[in-house]
Each structure stands twice: as C-alpha cells, then as structure tokens.
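In: Let's see this in three dimensions:
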Amino acid sequence: MLNYFSNNQSYANHIVIDIYLKEKMYDNAIRAVIIKDNLFDLDQYYEELSRQYPEEYFKAYKKLLVPFADSKMGRSHYRDIVSYLGRMRKIKGFEIEFKDLVENLNKRYVNRPAFLDE
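Out: Now for the predicted structure:
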C-alpha cells in the first residue's frame, strides 16, 4: 500500500508522510517533507520532525523563506514570514545563523516598512 501511495502523485504525499510517521519511519518522513520543497509542508510537520532533524529543517526553511518573502507584499504575507521565522528561532543550535538571516532580511527589505514593523 505504501508503494502505491508513494508512486501515485494524484494522492497527496501527506498520506505517505503520515504513514511514515505512524510507523516511526522518521528518515523517510523527513526526506518526503524536504522533497515537497514548500513552507506549508515544513510547517505542517514541524512538531513531529524538527527536533529530530534540526539541521535539515533549518536549512529547508532558510532556502525557502527568501523566495517566499520576495513573492508578495502586504501585512498578511509579512505575518506569515514572521510565523515561519518564529518556528526557525525555536530550532536549537542555529542561533547565530538565525540572527544572520534576520539581519539580512532587514537589510533586504529596508524599503518595506510594514515588513519591518511585523
């Protein structure tokens, strides 16, 4: 059954990831989440996987956050960015990298006062 869902894209990979988690196949679950390559899925599985795979999680958030920030403007979008940053800040062992990322975002978006307000 797992092979069927893994190879059938018409079914959301969420089913496969949920099965991996239920079966304690965490290495497979993190690979599947990272492959999905989007912030929404990282966020969805944050609680289950970020503590076990902090480096993978931090790097994935970092890779996806700047393009996401570039994609839109507006306070609602900026609040989403801040929410993702809040998740990243909780990942242990990356305090310096997190601080550097925030400083870079502040410099990059200096002309977006609403972004900086959030």
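In: make it CA atoms for all contacts and neighbour counts henceforth
Out: Fine.
In: tell me which residues in the one helix or strand residue 78 maps to are buried?
Out: Element membership for residue 78, per DSSP states H and E: helix 75-89. Buried positions in helix 75-89, judged by neighbour count with 16 or more other CA atoms under 10 Å: 77, 78, 81, 82, 84, 85, 87, 88, 89.
In: Find the nearest non-adjacent residue to the third one, please.
Out: Spelled out, that is residue 81. residue 69 (6.7 Å; CA to CA, 6 or more residues apart in numbering).
In: Could you count how many residues lie near that neighbour?
Out: Neighbours of residue 69 under the rule other CA atoms under 10 Å: 16.
In: Just say helix, strand or coil for it.
Out: helix (DSSP: H, G, I helix; E, B strand; the rest coil).
In: per-residue pLDDT, it?
Out: Turning to residue 69, the model gives it a pLDDT of 86.
In: So it versus residue 63, what's the distance?
Out: Distance, residue 69 to residue 63, by CA to CA, to the nearest Å: 11 Å.
In: hmm, back to that, need the buried residues of helix 75-89 in CSV with distance to residue 44 and pLDDT, can you?
Out: Below are the buried residues of helix 75-89 laid out as CSV (distance: CA to CA, whole Å; pLDDT from 0 to 100):
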residue, distance to residue 44, pLDDT
77, 18, 85
78, 19, 84
81, 15, 90
82, 16, 90
84, 11, 95
85, 15, 94
87, 11, 96
88, 13, 96
89, 16, 96
